[in-house]
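**Student:** the amino acid sequence is not available; the structure is as follows:
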């Protein structure tokens, strides 16, 4: 087999033929140039992976002429030959790299793991964030190649476009993913790139309704139930261009009483402090009026027994039981619970003036307001945690500052009582001593 030194001049002089052919270099052992009928010219290095004639032959693609200069391809071939001499197997290593999982491919298994370990709604939110924000940006990258710089770039982009809170949550999700990747051997241990991404500072999202706001909320709920409320401005249906009063349905601007179960559900969430889905999925069989508790079989913190106040039992006693429904707050299909009360909540919130430009009260803030009322009534952190269904005391700790007010009142009362005694003049008594 004739061999030539594959310089740029020699390579340029080679012309395509009807069939592909290969030319070997006379200086670098195992280096060849493959010329296809279409004119593509690619350098390969052929070597034995190991010592002896029985060692397997490997064919390693060095690169294509045009993508790199011939002189650069020759240098890469020499570097590869040196790696082979040191006992490495470049072709096998490249094959392993091609087989290494990408973020998107390993993400499929990760989301299945999330489905098995997390609550249904939590898993659904993880999946939504993953498919919308992670896969389009990082999906094609190998898991082992993702660096902190890649996640920082994504974090900043999300912060600008979607807000700091979401940006932080996506990085938290990626942190959990790369921990999973390390556990599965797709990435070396202790190399999680999310750990060094600096999160945005987040303002507390807690909002507590004051007594006046609770009164306004109650009035809006009563009007919703008896007369109906117009939808919140941002939630009104946009009319088609060209709509006129003549063609618009007469029912568009007519108020209708709200679903009484939806109204009752909002009242229940405030009076119980439960999470939205805990309240909406409540079943009659979980209630024990004799003990004054509800036994929830599956919550965010697992099985939970919650005491309910007298006002809650009064609310529940006024609700009709719908035949064929196990739920306290049934949906249109009585076999299922109310899906959500967001549309009514936005209308009620607007009517109660709780959606000002600097204060958008969330439905979840009713839970915070219940915790605030419990603290004001003298409840301890342990008691508040029991009422809210917290498993971990650290979760309740964020309400610690709410205890300052009742403690201050107790301090005022105690100090006042002692001060009154200090200032009280002693009564003069005559003591007679009888000598024996």
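**Tutor:** Happy to help now that I have it. Keep in mind it's a predicted model, so treat the numbers as computed, not measured.

**Student:** domain ranges for this structure?
**Tutor:** Following the assignment in automatic domain parsing, the chain carries domains at 3-99, 103-183, 211-236+254-404.

**Student:** flag every buried residue along stretch 272-281.
**Tutor:** For stretch 272-281, a neighbour-count test (16 or more other C-beta atoms under 10 Å) marks 272-276, 278-281 as buried. Just so you know, the C-beta spots here come from the backbone N, C-alpha and C atoms, and that holds for glycine as well.

**Student:** quickly name whichever of the residues you listed is closest to residue 208.
**Tutor:** Residue 208 has its nearest neighbour among these in residue 273, at 11.9 Å by C-beta to C-beta.

**Student:** quick check, pLDDT for the closest one.
**Tutor:** Looking at residue 273, its pLDDT is 86.

**Student:** would you mind telling me which of the domains of the chain is nearest residue 417?
**Tutor:** domain 211-236+254-404 (17.4 Å).

**Student:** in CSV: the buried residues of stretch 272-281, plus distance to residue 332.
**Tutor:** Below are the buried residues of stretch 272-281 laid out as CSV (distance: C-beta to C-beta, whole Å):
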residue, distance to residue 332
272, 24
273, 27
274, 22
275, 22
276, 18
278, 21
279, 18
280, 13
281, 15
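
**Student:** residues of stretch 303-319 that come out buried?
**Tutor:** 304, 306, 308, 312, 315-316, 319.

**Student:** quick one: which of those sit in strands?
**Tutor:** Counted as lying in strands by DSSP state E, out of those, are 304, 306.

**Student:** let's have the buried residues of stretch 303-319 in CSV, adding distance to residue 91 and pLDDT.
**Tutor:** Converted to CSV, the buried residues of stretch 303-319 look like this (distance: C-beta to C-beta, whole Å; pLDDT from 0 to 100):
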residue, distance to residue 91, pLDDT
304, 58, 83
306, 63, 85
308, 69, 88
312, 71, 89
315, 73, 93
316, 72, 94
319, 72, 94
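
**Student:** and the furthest pair within the buried residues of stretch 303-319?
**Tutor:** Of all pairs in the buried residues of stretch 303-319, the most separated under C-beta to C-beta is 304 and 319 at 21.6 Å.

**Student:** without its sequence neighbours, what residue ends up closest to residue 140?
**Tutor:** Nearest non-adjacent residue to residue 140, counting by C-beta to C-beta, 6 or more residues apart in numbering: residue 102, 5.8 Å away.

**Student:** wouldn't the one you found be in contact with residue 144 here?
**Tutor:** No. Applying C-beta atoms under 8 Å, one finds residue 102 not in contact with residue 144, separated by 9.9 Å.

**Student:** for the closest residue to residue 25 other than its chain neighbours, give me its contacts.
**Tutor:** Counting by C-beta to C-beta, 6+ apart, residue 25 lies nearest to residue 31, which is 4.0 Å off, once chain neighbours are set aside. Contacts for residue 31 (C-beta atoms under 8 Å, 6 or more residues apart in numbering) come out as 6, 24-25, 43-45, 62, 74, 77, 81.

**Student:** quick check on residue 31: phi, psi?
**Tutor:** phi -80, psi 130 (degrees, to the nearest 10).

**Student:** any figure for the gap between residue 166 and residue 198?
**Tutor:** Taking C-beta to C-beta, to the nearest Å as the measure, residue 166 falls 16 Å from residue 198.

**Student:** then residue 101?
**Tutor:** Residue 101 is 27 Å from residue 198, by C-beta to C-beta.

**Student:** the more surrounded of those two?
**Tutor:** Taking other C-beta atoms under 10 Å, residue 101 and residue 198 do not tie; residue 101 has more neighbours (18 against 9).

**Student:** was I right about that one contacting residue 143?
**Tutor:** Yes. The pair residue 101 / residue 143 is scored as a contact, 5.3 Å apart, by C-beta under 8 Å.

**Student:** what's the overlap in contacts for the two?
**Tutor:** Between them, residue 101 and residue 143 share the contacting residues 181, 186, judged by C-beta under 8 Å, 6+ apart.

**Student:** my read is that residue 21 contacts residue 35, right?
**Tutor:** Yes. Counting by C-beta under 8 Å, residue 21 does reach residue 35; the two are 5.7 Å apart.
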